[in-house]
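S.K.: what's the 3D shape of this:
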Amino acid sequence: MAGNPRIGVLALQGDFREHIAVMNSLGADAVGVRRPTELAEVEGLIIPGGESSVMDKLSRLFGMAEPLKDAIRAGLPVWGTCAGLIMLADTIVDGIEGQESLGGLDIAVRRNAFGSQLDSFEVDLDIPVLHDPPLHAVFIRAPVVDTAGAGVTTLAALADGRIVAVEQGNLLGTSFHPEMTGDTRFHEYFLSKVLSAH
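M.R.: Presented below is the predicted three-dimensional model:
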């Protein structure tokens, strides 16, 4: 099991296929997760980019919200990218009415911090845990971490100081989309978290 852990990618909405492809290319056994029974079979979970309010509604509709919260509390390694980061935040600063998150990360997150799809951008980020060279990061209608609690480690920030990658215990969150660039270091970093959680 240690060689190719089973990694789930929440497949309710968003770009889950890309994460599955990257994880499989790294030797993991990556599968889409839509039901509590599938969640129970994975050793790590990625919550992909997409539309956080839709993901929230679907997770409740499919009976996944409570099992996901339980898994996070129980220590399952979970990585949220873009909308997934919003899903893991304890507080959503500008959520739509009735929007809920799964929580777990002691952060307040702002959903469309950079504006609309037209305000998408790319930038090279220095991320010490990934070593050199800088990571080319793609931001699409990206959230940003407004505030982070004492137990949260900032992994990356923009030049203006806005936080775009965090880690807290078993949880990892990125504002950007590492599955889109061909640089697999963040996926490898998450895999190492999953393997060390055994």
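S.K.: okay, now the unreliable bits of this structure?
M.R.: Applying pLDDT under 70 to the chain flags the ranges 1-3, 115-119.
S.K.: longest helix of it?
M.R.: The residue-count maximum for a helix in the chain (DSSP state H) belongs to helix 185-196.
S.K.: could you give me the buried positions within that helix?
M.R.: With burial defined by 16 or more other CB atoms under 10 Å, the residues of helix 185-196 counted as buried are 186-187, 189-191, 193-195. Any C-beta I mention is one placed from the backbone N, CA and C, and that applies to glycine too.
S.K.: and stretch 140-158, by the same measure?
M.R.: Buried, per 16+ other CB under 10 Å, within stretch 140-158: 140-146, 148, 152, 155-158.
S.K.: from those residues, which is closest to Arg73?
M.R.: Val152 (16.7 Å; CB to CB).
S.K.: wait, isn't the closest one in contact with Ala165?
M.R.: No: judged on CB atoms under 8 Å, Val152 makes no contact with Ala165 at a distance of 10.7 Å.
S.K.: nearest spatial neighbour of Ala197, skipping sequence neighbours?
M.R.: Spatially, and ignoring its direct neighbours in sequence, Ala197 is nearest to Pro77 (5.2 Å; CB to CB, 6 or more residues apart in numbering).
S.K.: any idea which residue is closest to the centre of the chain?
M.R.: By CA atoms, centre = their mean, the chain has its centre lying nearest to Gly80, at 1.0 Å.
S.K.: that residue: what's it in contact with?
M.R.: 46-47, 86-88, 105, 171-174 (CB atoms under 8 Å, 6 or more residues apart in numbering).
S.K.: can you do 7 Å?
M.R.: By CB atoms under 7 Å, 6 or more residues apart in numbering, the contact set of Gly80 is 47, 87-88, 173.
S.K.: got TSV for the residues you listed, with secondary structure too?
M.R.: Formatted as TSV, the contacts of Gly80 follow (DSSP: H, G, I helix; E, B strand; the rest coil):
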residue	secondary structure
Ile47	strand
Met87	helix
Leu88	helix
Gly173	strand
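S.K.: for this protein, just list every one of the strands.
M.R.: 6-10, 29-33, 44-47, 78-81, 89-92, 105-110, 121-125, 135-139, 144-148, 153-157, 163-168, 171-174 (DSSP state E).
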